[in-house]
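Engineer: coordinates only, sequence not included:
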């Protein structure tokens, strides 16, 4: 899962979900530094706590195993040379809370960019042009969903067709509807939920062949 944040002159400069945990964020090199600073500021403002309380944006991890797994990924990012902009530690002294974490200077071969972390970790990667970001994004073994933020219709059309992902959101993210098919490419699953395509999971297709004497073919 990934998102794209492209240059502000022909593409909107903006800010990889219930079943979508986007962690890779590709940003145009011309606005990269500015975006990193805004991402860091937003992470520091993020409200962590009891998810049943109003105003809380981020709750705990489901168990100790997932909690430790996320912290292990964060340590690997530091060890592999990514820049830890903020976060990276346990939040508070109780529960399985992880600080909102932002990495910059992330490379495609790092675990924090290759694996699905399913935790509050954002990896920000830099790119130069559309062809490069398509190639790098599609090199992933996953392909559940992507978000593209742009003011350029040609860019949006190119990316929606080129990205190997089951869902591509344009200028929005994590938008669902019962009529919209949902499912992934590659290691992100087979088949589709929701929409008319979901009915395929409940159907059996049978072929019946009968020999006809002197069939009147049209």
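Structural biologist: It's in. Because the structure is a prediction, the values reported are computed rather than measured.
Engineer: Give the buried residues for the lengthiest helix in the chain.
Structural biologist: Counting by DSSP state H, the longest helix found in the chain is helix 64-79. For helix 64-79, the neighbour count (16 or more other C-beta atoms under 10 Å) marks 66-67, 69-71, 73-74, 77 as buried. Heads up, the C-betas are built off the backbone N, CA and C, glycines and all.
Engineer: pLDDT at the nearest residue to residue 160 once chain neighbours are set aside, what is it?
Structural biologist: Spatially, and ignoring its direct neighbours in sequence, residue 160 is nearest to residue 168 (4.7 Å; C-beta to C-beta, 6 or more residues apart in numbering). Listed pLDDT for residue 168 reads 94.
Engineer: So what sits opposite residue 168 in the bridge?
Structural biologist: residue 146 (DSSP bridges).
Engineer: what sits against it?
Structural biologist: Listed by C-beta atoms under 8 Å, 6 or more residues apart in numbering, the contact partners of residue 168 are 145-148, 159-160.
Engineer: ok, 10 Å please
Structural biologist: Shown in contact with residue 168 (C-beta atoms under 10 Å, 6 or more residues apart in numbering): 4, 145-148, 156, 159-162.
Engineer: which helices and strands sit right next to the helix or strand hosting residue 37?
Structural biologist: Per DSSP states H and E, residue 37 falls inside helix 32-45. Applying 3 or more C-beta pairs under 10 Å, 6 or more residues apart in numbering; DSSP states H and E, one finds that helix 32-45 makes contact with strand 2-5, strand 24-28, strand 83-86, strand 101-104, strand 121-127.
Engineer: What is the nearest of the contacts of residue 168 to residue 206?
Structural biologist: Proximity of the contacts of residue 168 to residue 206 (C-beta to C-beta) peaks at residue 145, which lies at 34.0 Å.
Engineer: Check the burial of that closest one by counting its neighbours.
Structural biologist: 27 (other C-beta atoms under 10 Å).
Engineer: OK, contacts around the residue located most distally from the centre of the chain?
Structural biologist: Distance from the C-alpha centroid of the chain peaks at residue 214, with 58.4 Å (C-alpha atoms, centre = their mean). By C-beta under 10 Å, 6+ apart, no residues touch residue 214.
Engineer: what's the answer for residue 115, then?
Structural biologist: Counted by C-beta under 10 Å, 6+ apart, residue 115 has contacts 16, 23, 69, 73, 76, 140-142.
Engineer: from those residues, which two are the most distant?
Structural biologist: Checking the contacts of residue 115 with C-beta to C-beta, the most distant pair is 69 and 140, at 18.9 Å.
Engineer: correct me, but residue 164 touches residue 145?
Structural biologist: No - shown here, residue 164 and residue 145 do not form a contact pair, counting by C-beta atoms under 10 Å, at 11.2 Å.
Engineer: Which neighbours do those two have in common?
Structural biologist: By C-beta under 10 Å, 6+ apart, the residues touching both residue 164 and residue 145 are 184-185, 188.
Engineer: for these, which one is nearest residue 118?
Structural biologist: Relative to residue 118, and with distances defined as C-beta to C-beta, the nearest of those is residue 188, at 12.5 Å.
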